[in-house]
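**Q** Turn this into a model:
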Amino acid sequence: MAEVAEDPEDISESPAAPGSHGLHETSSGPQSKKRNAFAELMAPKPKAPKPDAYSGRSSAGARSPSHKNSRGKTTKLKWSGALVEYIDHPDRFPQQVIRVTDKTVLIRDAFPKATVHLLLLPRSPAHHDLHPHQAFEDRDFLAMMRDEAASAARLAAAELKRKLSTFSASSKARNEAMDKGVPFDQLPEGRDYLSDIRIGVHAHPSMDHLHVHIISCDMHSDKVKHRKHYNSFNTPFFIPLEDCPLAEDDERRKTSFQNANLSKGFVCWRCGQEFGNKFAELKRHLETEFEQWKKE
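**A** Numbering: from 1, shown residues only. Next up, the predicted model:
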């Protein structure tokens, strides 16, 4: 299957760059001053954690952003292969890695396309070089990735709640009860932020190594810069993990179908309003939708 061509500037997913801000920071509005265990979990760590055992991949054979060729000259690997470093050496990236298990690595996307945007990377060398369509034919592997993604989605939802609940009308009663010291098991229900989290893969990923997006639905980000960035998450180009593996005759496997999705006119993710090719108008509209959405 032919890949959809991508330029480095067009990548819609990539690992976080060194020195980038962690998920504990936000420009969305006021934050609680209370000690927040989740925020501390998600915050960049001051020291690199000790690496745990890798699942079948030797660190001696790990690739890196640069390598020496047969003549001893150091060259850089292509940008699309950058994710492998997080798989092989997650301990080297305490500012970007959120969680490491024996099966997966969870990282922040360096170019987030929404308020919360994470990438889940499998560590299995038998799978992480495969296209999602092929990798998820392994039902045991797919079941594992679904479990890990569900856990990551709960983290993402908790982070979304931490960032936005002070604005949310449906969270007001719960927030007030918490401020009054009401026991946790007696708190009123608040907004269901987990329902705002999407889990899926791109039909033709721009990065080489298998990864699953855990992303909030809002598309509120200055990293959404052009049509491909938006449509890759808001058309059938984005394939929910729950739909995998796709049937052999599923049209979402077809390159022509997915290229057409990427070139479609813009449609608001929230209200369905159509904007044709007017990207700047869409972006202004998304700002309005975000302000309304966070207040729900």
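**Q** looking at it, residue 120 is touching residue 150, isn't it?
**A** No. Contact criterion CB atoms under 8 Å: residue 120 and residue 150 do not qualify, at 10.2 Å. C-beta coordinates here come from the backbone N, C-alpha and C atoms, glycine included.
**Q** higher neighbour count, these two?
**A** residue 120 (25 against 14; other CB atoms under 10 Å).
**Q** Helix or strand: which one has that one?
**A** Assessed by DSSP states H and E, residue 120 sits inside strand 117-122.
**Q** following that strand, which helix or strand comes up?
**A** helix 132-135.
**Q** What are the buried residues along that following helix?
**A** 132-133, 135 (16 or more other CB atoms under 10 Å).
**Q** what sits against residue 273?
**A** For residue 273, the contacting residues are 267, 285, by CB atoms under 8 Å, 6 or more residues apart in numbering.
**Q** What pLDDT is listed against it?
**A** We have a pLDDT of 98 for residue 273.
**Q** got the residue ranges for the helices in the chain?
**A** 37-42, 84-88, 132-135, 139-164, 172-179, 227-234, 255-262, 279-294 (DSSP state H).
**Q** Which of these sits closest to residue 268?
**A** helix 279-294 (6.0 Å; CB to CB).
**Q** Residues touching that closest one, excluding its own?
**A** Against helix 279-294 from outside (CB under 8 Å, 6+ apart): 28, 164, 167-168, 218-220, 224, 226-227, 230, 266, 268-271, 273, 275.
**Q** cool, stretch 135-142 as well?
**A** 122, 124, 127-128, 145, 210, 244-245.
**Q** re the thing from before, can you select the buried ones from the contacts of helix 279-294 in PyMOL?
**A** The buried residues among the contacts of helix 279-294 can be selected in PyMOL (16+ other CB under 10 Å) with this line:
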select buried, resi 164+167+168+218+219+220+224+227+230+266+268+269+270+275
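**Q** Among the contacts of helix 279-294, which ones are in strands?
**A** Within the contacts of helix 279-294, residues falling in strands by DSSP state E are 266, 275.
**Q** Please report the number of neighbouring residues for the closest residue to residue 112 other than its chain neighbours.
**A** Nearest residue to residue 112 in three dimensions, chain neighbours excluded: residue 221, at 5.4 Å (CB to CB, 6 or more residues apart in numbering). By the criterion of other CB under 10 Å, residue 221 has 19 neighbours.
**Q** where's residue 221 relative to residue 158, distance?
**A** To residue 158, residue 221 is 19 Å away according to CB to CB, to the nearest Å.
**Q** got any ranges where the stretch 1-150 of the chain has weak pLDDT?
**A** Within the stretch 1-150 of the chain, the stretches with pLDDT under 70 are 1-79.
**Q** hmm, 50 instead?
**A** Scanning the stretch 1-150 of the chain for pLDDT under 50 picks out 1-35, 47-71, 73-75.
**Q** Of the contacts of stretch 135-142, which qualify as buried by neighbour count?
**A** Counted by 16+ other CB under 10 Å, the contacts of stretch 135-142 give 122, 124, 127-128, 145, 210, 244 as buried.
**Q** right, and out of the residues you listed, which lies closest to residue 176?
**A** Checking the buried ones among the contacts of stretch 135-142 one by one against residue 176 (CB to CB), the nearest turns out to be residue 145, at 38.6 Å.
**Q** Contacts only, for the closest one.
**A** Here residue 145 is in contact with 104, 120, 122, 136, 212, 241 (CB under 8 Å, 6+ apart).
**Q** can you tell me how far it sits from residue 206?
**A** For residue 145, the distance to residue 206 - CB to CB - is 19 Å.
**Q** cool, residue 179 as well?
**A** Distance from residue 179 to residue 206, by CB to CB: 44 Å.
**Q** and what of residue 167?
**A** Residue 167 is 33 Å from residue 206, by CB to CB.
**Q** can you check residue 280 too?
**A** Counting by CB to CB, the gap from residue 280 to residue 206 is 24 Å.
**Q** before we move on, the earlier item: list the strands paired with the strand holding residue 120, with their directions.
**A** For strand 117-122, the pairing partners within the sheet under DSSP bridges are strand 104-108 (antiparallel), strand 212-216 (antiparallel).
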